[in-house]
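**Student:** show me the folded form of this:
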Amino acid sequence: MDQALLRSYFSTVYEFPTQAGALRASLDGEILLDPATLPELLQRRFAVLTAYNPRSMLLPRRVNEQRHNVMRDLLILGCYRVEPCVGSEAEPEGVWREPAYVVHAMDREEAIAFGRVFRQNTILFANAGKPELIVTDPTADDVGRTFQCNWRVRT
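**Tutor:** Numbering: from 1, shown residues only. Next up, the predicted model:
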């Protein structure tokens, strides 16, 4: 896995929908002794999946949207609760924003399979307050290779 790409994944700020409003978090936090101190959503099991820009190749917006809608439909057909979220650069002046879906209660292996089908370099999987960045593109690294992360709640 390219180290610059890995650093950008760790610093990506995810904007998750919650009943209390948007929750912003990234994967570059300090080790937590008690995950119960995290917001409720971050304590659950979920995956963050996108179909945009496979293997980091920029595609036209229309193509990305079509791929993303197909993925959403497949997730819904699989009986998953799906909510839109957005990943973006940590820097306020950054222009990169990528739509994604929070897929509640998804199994780790199925999340990896979705990442592979939609040719994503990695997917984000979280369980019990412990997020992992998992490689899903065999050209980037071994499929299933995991990078342990820690949540950092942003203001």
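**Student:** for the rest of this, base every contact and every neighbour count on C-alpha atoms.
**Tutor:** Will do.
**Student:** how many other residues sit next to Val13?
**Tutor:** 24 (other C-alpha atoms under 10 Å).
**Student:** also the one 4 residues further on?
**Tutor:** Look at Pro17: counted by other C-alpha under 10 Å, it has 16 neighbours.
**Student:** go on, Pro35?
**Tutor:** 16.
**Student:** now do Leu27
**Tutor:** Leu27, neighbours per other C-alpha under 10 Å, totals 23.
**Student:** please report how far it lies from Val70.
**Tutor:** Leu27 is 27 Å from Val70, where distance means C-alpha to C-alpha, to the nearest Å.
**Student:** kindly report the same for Pro35.
**Tutor:** Relative to Val70, and taking C-alpha to C-alpha, Pro35 is found at 34 Å.
**Student:** can you pull the contacts of the spatially most central residue of the chain?
**Tutor:** For the chain, the residue nearest the mean C-alpha position is Val48 (3.3 Å; C-alpha atoms, centre = their mean). When contacts are counted by C-alpha atoms under 8 Å, 6 or more residues apart in numbering, Val48 touches Ala100, Tyr101, Val102, Val103, Ile123, Leu124, Phe125.
**Student:** filter those residues down to just the ones in strands.
**Tutor:** Using DSSP state E, Ala100, Tyr101, Val102, Val103, Ile123, Leu124, Phe125 are the members of the contacts of Val48 that sit in strands.
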